[in-house]
Each structure stands twice: as C-alpha cells, then as structure tokens.
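**Q** what shape does this take:
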Amino acid sequence: TEAWLEEHPPVDLDGVRKDISAAEEHNRTIRAKIDANREYAALRDAIAEKKVASGNISAVMATIEDEKTAALSRMEFPIQGLGFGEGGVTFNGVPLEQASESDQLRIGIAIALSLIPENGIRLVYLRDWAALDQKRREMVHKYLEENGGQAWAQLVQDRPDGNSLFISDGILFDDGEKGGEK
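**A** Residues are numbered from 1 along each chain as shown. Reported below is the predicted structural model:
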C-alpha cells in the first residue's frame, strides 16, 4: 500500500473544485440560454397568435365598415348633401358644426319634418326666431312652404304683428287688445 501511495500522489482537490465550479457556471449559462430561447419562442408564438387575432378583427371591422357604407348609400336623407363621416354628421362633406347657420337651420327643419309621420301635423317649433335676420326668416318661410310644413316660433316683441299669437303674462291678446277686447 505504501508503494501504491508513492506511485499515486494525492490529487490536487483545489484544481478539481475549480474545474467543477467552472463546469457548473458553464451549465448555468447554458440553462439560462435554453430558458431564454424557450421564453423567446413562447413570445414569438404569442405575437403570431395576436397577429392572427388582429387580422381577424381587422377583417370584421372592414366588413362592418362595408355594411355601414352600404346602409348609408341606401338611406334617404331629408336634405341633399347630408351624410356621415368619421366625426359624425356632415353636410356636403364638411362637419355639420362648420356649416353656415342658415344651412344648420334648414337641416334641422328638414330632419324635424322628416320625423313627423305621413299623416301627422307637419309643425316644428323654432325657439330663437328673434336671432334670425329677415333674410333667414324668409328662407325658413320658403322652405316650410315648399315642404308642406308650418312653424311655431318664439319671438319676444312689444306688439302683435298680425301673423302671431301675442301672449303677455299668460293672457292672449288679439290685435294688440287684451283678450280680444278693443
């Protein structure tokens, strides 16, 4: 046995330990790369699934847009030039808010008249009549006449003008006289 020990000197364990530690570090690095590759593959697959889902949703949205366009093309709008755009109601391709006050008034009256049943009383209420100049009032009269409509208009004035009901303090006046008395 002594001869054997002399022939076989003790092994340097520090060197072996360093080799084992280096191998373990290398294995950790390899495992981390394997894990990263798995995570990358999972993310790549998830992205591919999301792209497919996004494509499906885009196709559905395109179908809805086509159906909306077809439905709008079949609609009969109450006034020529009225339509819908990205931001809502349009008139001659421009957002309704940007249309002139006269156009907005005419459009409002046209829509109101279109909502009245065929056998209904074609009467609209105009709140801010006093805000309209004579030209706009004549335009309203003409439009209503051409389209078989009538209007009740709110107007603040001191005396009746012959084409209106004059009410003051809840009392109806006739030609400027209280309660029809002269």
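
**Q** got any ranges where this structure has weak pLDDT?
**A** 160-163, 174-182 (pLDDT under 70).

**Q** try it again at 50.
**A** Counting by pLDDT under 50, the chain has low-confidence residues at 176, 179-182.

**Q** which residue is nearest the middle of it?
**A** Gly87 (6.4 Å; Cα atoms, centre = their mean).

**Q** mind naming the longest helix for the protein?
**A** helix 13-74 (DSSP state H).

**Q** what's the residue nearest to the centre of the chain in contact with, if anything?
**A** Pro95 (Cβ atoms under 8 Å, 6 or more residues apart in numbering). For the C-beta atoms, the positions are set from N, CA and C on the backbone; glycine is no exception.

**Q** need phi/psi at it.
**A** When quoted as degrees, to the nearest 10, the phi and psi of Gly87 stand at phi -90, psi 0.

**Q** which residues touch Phe84?
**A** Contacts of Phe84 by Cβ under 8 Å, 6+ apart are 72, 90.

**Q** state the distance from it to Gly148.
**A** 26 Å (Cβ to Cβ, to the nearest Å).

**Q** same thing with Ile107?
**A** 17 Å.

**Q** could you do Lys142 as well?
**A** Counting by Cβ to Cβ - Lys142 and Gly148 are separated by 12 Å.

**Q** and for Ser164?
**A** Ser164 is 21 Å from Gly148, by Cβ to Cβ.

**Q** which one's more surrounded, those two?
**A** Between Ser164 and Gly148, counted using other Cβ atoms under 10 Å, Ser164 has the larger neighbour count: 13 against 9.

**Q** state the three-state secondary structure for the more buried one.
**A** coil (DSSP: H, G, I helix; E, B strand; the rest coil).

**Q** how near is the closest residue to Gln150 other than its chain neighbours to Lys135?
**A** Closest residue in space to Gln150, ignoring its immediate chain neighbours: Leu123 at 5.0 Å, by Cβ to Cβ, 6 or more residues apart in numbering. According to Cβ to Cβ, Leu123 and Lys135 sit 23 Å apart.

**Q** neighbour count: the two, which is higher?
**A** Taking neighbours as other Cβ under 10 Å, Leu123 and Lys135 compare with Leu123 leading, 13 against 9.

**Q** which residues does the more buried one contact?
**A** Leu123 makes contact with 116, 149-152, according to Cβ under 8 Å, 6+ apart.

**Q** need phi/psi at it.
**A** phi -120, psi 130.

**Q** and for Ser100?
**A** The phi/psi pair for Ser100 (degrees, to the nearest 10) is phi -60, psi 160.

**Q** how many neighbours does Arg137 have?
**A** Neighbour number of Arg137 under other Cβ under 10 Å is 15.

**Q** please name the nearest non-neighbouring residue to it.
**A** Nearest to Arg137 is Trp129, by Cβ to Cβ, 6+ apart, at 7.2 Å.
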